[in-house]
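Enquirer: Turn this into a model:
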Amino acid sequence: MKKMSMVKWDNVCKPKTWGGLGLKRIDAMNNALLIKIGWSLITSSDSLWVKVLRSKYGIEDPAVPQSLNTKSGSFMWKAIGIIWDKVLHGIRWNLGDGRKVKFWWDCWALKDKPLIFYAQQPLPEELVNSTVSDCVNGDGSWNWGLFANLLPNNVILRIAAIKPPLNSGGKDEIRWAHSKTGLFKVNQLIFI
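Expert: Numbering: from 1, shown residues only. Here you go, the predicted structure:
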C-alpha cells in the first residue's frame, strides 16, 4: 500500500502557477471581509445598516474614529475592533475644502502615518482636533504658525508641496490606499 504524505496548508493556498491549489486562506478572507465592513462604516454613511451600527455603538459624527469601543457588543463588532487598525491603515484623503480631514489624525500629507506620529512635542489642546481647513489662513496660504514648530523639517517640506484646501475645492474625498483606483476591493486585501 502506498504511503500518503500530508501537504502543508500554506502550500495548498499558493496560486496554481506556484504549485498550489489556489485556495484562499480562510483567515485572510475573513479579515478582508471584516475590513470591508469597517470600510463601509466610514464610506457608506447613508446605508441603513451603517446608520444602525454607528448609532448602536456611539459613532456619532461622520469623522473616522481612531478606535472602536468594543467592551460591549456583538462578536462581529468585537472582530471589527480587532482589525480596525488595518482599516485606518488603508485610509488616504484627497483634500477638497479640508473641512472633514483631521490635520493631525488623518492620512492626508504623508502616505505612511498621520501627522500626530511625527509631532516633536505634545500638541496644544486647542490644536488636537483641528481640521486641515483650520490650518489655512484667510488668504488661502498655510498658517505655518499653528504647526511648523511641532513637526520636523522633512514633514514641513511635504506639507509645503501640497496646495492648501480652498472653500471652493469641493468635498474631501476618502480613498483606499491599497488600490490604484482608490476603490475598496476585497480581493486586493487577501495578501495584505
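
Enquirer: check contacts around the nearest residue to Q121 once chain neighbours are set aside.
Expert: Among residues not flanking Q121 along the chain, L150 sits closest, at 6.2 Å (CB to CB, 6 or more residues apart in numbering). Any C-beta I mention is one placed from the backbone N, CA and C, and that applies to glycine too. Applying CB atoms under 8 Å, 6 or more residues apart in numbering, we find L150 in contact with 119-121, 123, 127.

Enquirer: The top helix by length along the chain: what's the following helix or strand?
Expert: Criterion DSSP state H: the longest helix present in the chain is helix 26-43. Going down the chain from helix 26-43, the next helix or strand is helix 48-56, by DSSP states H and E.

Enquirer: Which neighbouring elements make contact with that next one?
Expert: helix 26-43 (3 or more CB pairs under 8 Å, 6 or more residues apart in numbering; DSSP states H and E).

Enquirer: Give me the mean pLDDT for the helix it packs on.
Expert: Mean per-residue pLDDT for helix 26-43: 89.

Enquirer: Give me the below-cutoff pLDDT ranges for this structure.
Expert: Where the chain drops to pLDDT under 70, the residues are 1, 61-63, 188-192.

Enquirer: how does it look with 50?
Expert: 191-192 (pLDDT under 50).

Enquirer: Just the strands from it, written as ranges.
Expert: Ranges of strands within the chain are 91-94, 173-176, based on DSSP state E.

Enquirer: Pull out the buried residues from the first one.
Expert: Residues 91-93 are the ones in strand 91-94 that count as buried (16 or more other CB atoms under 10 Å).

Enquirer: now stretch 148-158: how far from the chain's centre is it?
Expert: 22 Å (CA atoms, centre = their mean, to the nearest Å).

Enquirer: how far does it stretch from start to finish?
Expert: Terminal residues of stretch 148-158 are spaced 12 Å apart (CA to CA, to the nearest Å).

Enquirer: If you tally nearby residues, what's the number for the residue lying closest to G182 once chain neighbours are set aside?
Expert: In this structure, G182 finds its nearest non-sequential neighbour in R175, 3.4 Å apart by CB to CB, 6+ apart. Neighbour count of R175, defined by other CB atoms under 10 Å: 17.

Enquirer: list the contacts for R175?
Expert: Taking CB under 8 Å, 6+ apart, we find R175 in contact with 91-94, 182-183.

Enquirer: now the helices for this structure?
Expert: Under DSSP H, the chain gives helices at 9-12, 26-43, 48-56, 75-89, 144-147, 153-160.

Enquirer: With N69 as the reference, name the closest of those.
Expert: Between N69 and the helices of the chain, the shortest gap by CB to CB is with helix 75-89, which sits at 7.9 Å.

Enquirer: Give me the buried positions along the closest one.
Expert: So for helix 75-89, counting by 16+ other CB under 10 Å, buried means 77, 79-81, 83-84, 86-89.

Enquirer: Send me it as PDB with only the CA atoms.
Expert: Only the C-alpha atoms of helix 75-89 are listed here, as PDB (Å, rounded to 0.1, in the frame of the first residue of the first chain):
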ATOM      1  CA  PHE A  75     -19.000  39.100  18.200                       C
ATOM      2  CA  MET A  76     -18.800  40.800  14.800                       C
ATOM      3  CA  TRP A  77     -18.400  44.300  16.300                       C
ATOM      4  CA  LYS A  78     -15.500  43.000  18.500                       C
ATOM      5  CA  ALA A  79     -13.900  41.400  15.400                       C
ATOM      6  CA  ILE A  80     -14.100  44.700  13.500                       C
ATOM      7  CA  GLY A  81     -12.500  46.400  16.500                       C
ATOM      8  CA  ILE A  82      -9.600  43.900  16.300                       C
ATOM      9  CA  ILE A  83      -8.900  44.700  12.600                       C
ATOM     10  CA  TRP A  84      -9.700  48.500  12.900                       C
ATOM     11  CA  ASP A  85      -6.100  49.400  12.700                       C
ATOM     12  CA  LYS A  86      -5.900  47.800   9.300                       C
ATOM     13  CA  VAL A  87      -9.000  49.800   8.200                       C
ATOM     14  CA  LEU A  88      -7.200  53.000   9.400                       C
ATOM     15  CA  HIS A  89      -4.000  52.000   7.700                       C
END
